[in-house]
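Participant: Sequence and predicted structure are below.
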Amino acid sequence: MRVVGTDGASAQPLYGADLRGPLALVIGAEGEGMRRLTRETCDLLVAIPMGGSVMSLNASVAAAVCLFEAVRQRSAG
């Protein structure tokens, strides 16, 4: 199982990451993100692309976006 964490500073966009297969999704705290050791434990860090003047998302919204993308990828074939 892979551990995928969200990090706004990551160069890997969420939509380019392979989210198929077993994974644990780690969402950082609102405003503060993940702690250093948690970030270092992740196998992959992804960033949710933001548009306009949005700087960050509520943790529950970020989780929903990531879960939706995982389901989309898995149902695509």
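Facilitator: Cool, got the structure. Numbering: from 1, shown residues only.
Participant: Could you use CA atoms for every contact and neighbour count after this?
Facilitator: Will do.
Participant: tell me the contacts of the residue nearest in space to the middle of the chain?
Facilitator: With distances taken as C-alpha atoms, centre = their mean, residue 6 lies nearest the centre of the chain, 3.5 Å away. Taking C-alpha atoms under 8 Å, 6 or more residues apart in numbering, we find residue 6 in contact with 25-28, 45-48.
Participant: Where do the helices of this structure begin and end?
Facilitator: 36-41, 59-75 (DSSP state H).
Participant: and of those, who's closest to residue 13?
Facilitator: When the helices of the chain are compared by C-alpha to C-alpha, helix 59-75 sits nearest residue 13, at 10.9 Å.
Participant: Would you point to the one among the helices of the chain that's packed deepest?
Facilitator: Comparing the helices of the chain by mean neighbour count (mean count of other C-alpha atoms under 10 Å), helix 59-75 ranks first with a mean of 15.
Participant: Send me it as PDB with only the CA atoms.
Facilitator: Output of helix 59-75 as PDB, limited to C-alpha atoms (Å, rounded to 0.1, in the frame of the first residue of the first chain):
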ATOM      1  CA  ALA A  59      -9.300  19.800   4.900                       C
ATOM      2  CA  SER A  60     -12.600  18.100   4.300                       C
ATOM      3  CA  VAL A  61     -12.900  19.700   0.800                       C
ATOM      4  CA  ALA A  62      -9.300  18.700   0.000                       C
ATOM      5  CA  ALA A  63     -10.100  15.100   1.100                       C
ATOM      6  CA  ALA A  64     -13.200  15.100  -1.100                       C
ATOM      7  CA  VAL A  65     -11.300  16.300  -4.200                       C
ATOM      8  CA  CYS A  66      -8.600  13.700  -3.700                       C
ATOM      9  CA  LEU A  67     -11.100  10.900  -3.100                       C
ATOM     10  CA  PHE A  68     -13.200  11.900  -6.100                       C
ATOM     11  CA  GLU A  69     -10.000  11.800  -8.300                       C
ATOM     12  CA  ALA A  70      -9.100   8.300  -7.000                       C
ATOM     13  CA  VAL A  71     -12.600   7.000  -7.800                       C
ATOM     14  CA  ARG A  72     -12.600   8.700 -11.200                       C
ATOM     15  CA  GLN A  73      -9.300   7.000 -12.100                       C
ATOM     16  CA  ARG A  74     -10.400   3.600 -10.800                       C
ATOM     17  CA  SER A  75     -13.700   3.700 -12.700                       C
END
